[in-house]
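S.K.: sequence and predicted model, in that order:
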Amino acid sequence: MLKKGSKLYSILTGRCPKCHQESMYTDINPYHLGSLFKMHERCSHCNTKYKMEPSFFYGAMYVSYAVGIAFAVAAFVITFLIIGTSLVSTFIAIVATMVVFMPVIIRLSRNIWINFFVSYDPAARKT
């Protein structure tokens, strides 16, 4: 399903987009809010620099908007269309979903953004 070498693997696991060997983040748990944005400077396996330029991940803000909308639409479909709650309850569910999944949305957005610019290279993997 999720195999090394696919962009989806790197995006969902937060692994280095070039070699898929290590996590880009110093703490893999996004719910440790103090280290949510802390990333390694480079990959220890292939030496890929994660912050290619200053403010590189500002572009991830645009991605996070789309990812947030996807989470909000999913919350709407589940609560209003499937469960059949009122609009007020649906609104509360959407807000709660956005708050609870905020760290995941941030990390997914960063992962998607860096994968736009760095491609998997099996030759970069060290054994």
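M.R.: Yep, it's here. Numbering: from 1, shown residues only.

S.K.: gap between the most centrally placed residue in the chain and G34?
M.R.: The residue lying closest to the centre of the chain (Cα atoms, centre = their mean) is L108, at 1.0 Å. Going from L108 to G34 by Cβ to Cβ, to the nearest Å gives 19 Å. C-beta: built from backbone N, CA, C; applies to glycine.

S.K.: and Y65, by the same measure?
M.R.: From Y65 across to G34, the span is 24 Å (Cβ to Cβ).

S.K.: in this structure, where is pLDDT below threshold?
M.R.: For the chain, the stretches with pLDDT under 70 are 1, 125-127.

S.K.: give me that answer again for 90
M.R.: 1-5, 51-54, 122-127 (pLDDT under 90).

S.K.: thinking L12 is in contact with K3, fair?
M.R.: No: the pair L12 / K3 is not scored as a contact, 11.6 Å apart, by Cβ atoms under 8 Å.

S.K.: among these two, which residue is more densely surrounded?
M.R.: Higher neighbour count among L12 and K3: L12, with 13 against 8, using other Cβ atoms under 10 Å.

S.K.: right, I'll leave it there.
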